[in-house]
Every structure is written in structure tokens, then in C-alpha cells.
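Participant: A predicted structure for the sequence below; I have some questions about it.
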Amino acid sequence: MKDNAIGIRLSKDVLSRIEKLSREEHENRSTIIRKLVMLGYADMVKEKASRKYLSGKLTLSEAAHQADLTLWEMEQYLVERGFKSSYSIEDLEREAELLR
């Protein structure tokens, strides 16, 4: 896959922070910016999928798929953001009994 060049405008403060990070990481500025874009993209996709899940528009499995996470990773992401499941021990016991 061929990379495409784009132009963006950044404030002096942001550019200064990127330059500092570039020196600390021993990587060029373009590499740091690409990494930051990908990290931001991944966070935005997870956040969007979690909002859809919490509003009932997606199942947990669908949200995990859209966020490119495993089901376990999606659950962890939600818990880290303060989500409390309404799924109880009684629910688990009922489902376990149905499986027997």
C-alpha cells in the first residue's frame, strides 16, 4: 500500500511537543505524527463503538468488532471508563443452569 502525503497546520506549541517527543523517541517527526494519528484514530473508534453499545445500538460483540478489539478487550475498555454492567450473578447462574 502506498502512503499518501498530506499537509496539516499545527500550532507552534503542538509542533514543539511533537519535536520533543521525536527527540525522546529517536524517531523523525513524520513517524511520530503517524503514530499519534493512529493512536487517536484507535481511541476515537473505541469511543464511538462504546457509545453505540451503551445506547443500545450495538451488541457488545458488534461494538468490539467495530472497535477492532476482542470481546474481552472491549469489556475492559468499558470497565476502565466506569461502565457497570447490569448482568448479575443470578443471570450467570440462570444461564449456566440452562446450559446443563
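Facilitator: Perfect, I can see it now.

Participant: so where is the chain shaky, pLDDT-wise?
Facilitator: Applying pLDDT under 70 to the chain flags residues 1, 86-88, 91-92.

Participant: Select the longest helix from it.
Facilitator: For the chain, the helix with the greatest residue count under DSSP state H is helix 29-54.

Participant: from the middle of its chain, how far away would that helix be?
Facilitator: 6 Å (C-alpha atoms, centre = their mean, to the nearest Å).

Participant: elements contacting it?
Facilitator: On a contact count with 3 or more C-beta pairs under 8 Å, 6 or more residues apart in numbering; DSSP states H and E, helix 29-54 meets helix 12-25, helix 60-66, helix 71-80. Quick note: C-beta positions are derived from backbone N, CA and C, even for glycine.

Participant: what comes up buried for the second one?
Facilitator: Neighbour-count burial for helix 60-66 flags 63-64, 66 (criterion: 16 or more other C-beta atoms under 10 Å).
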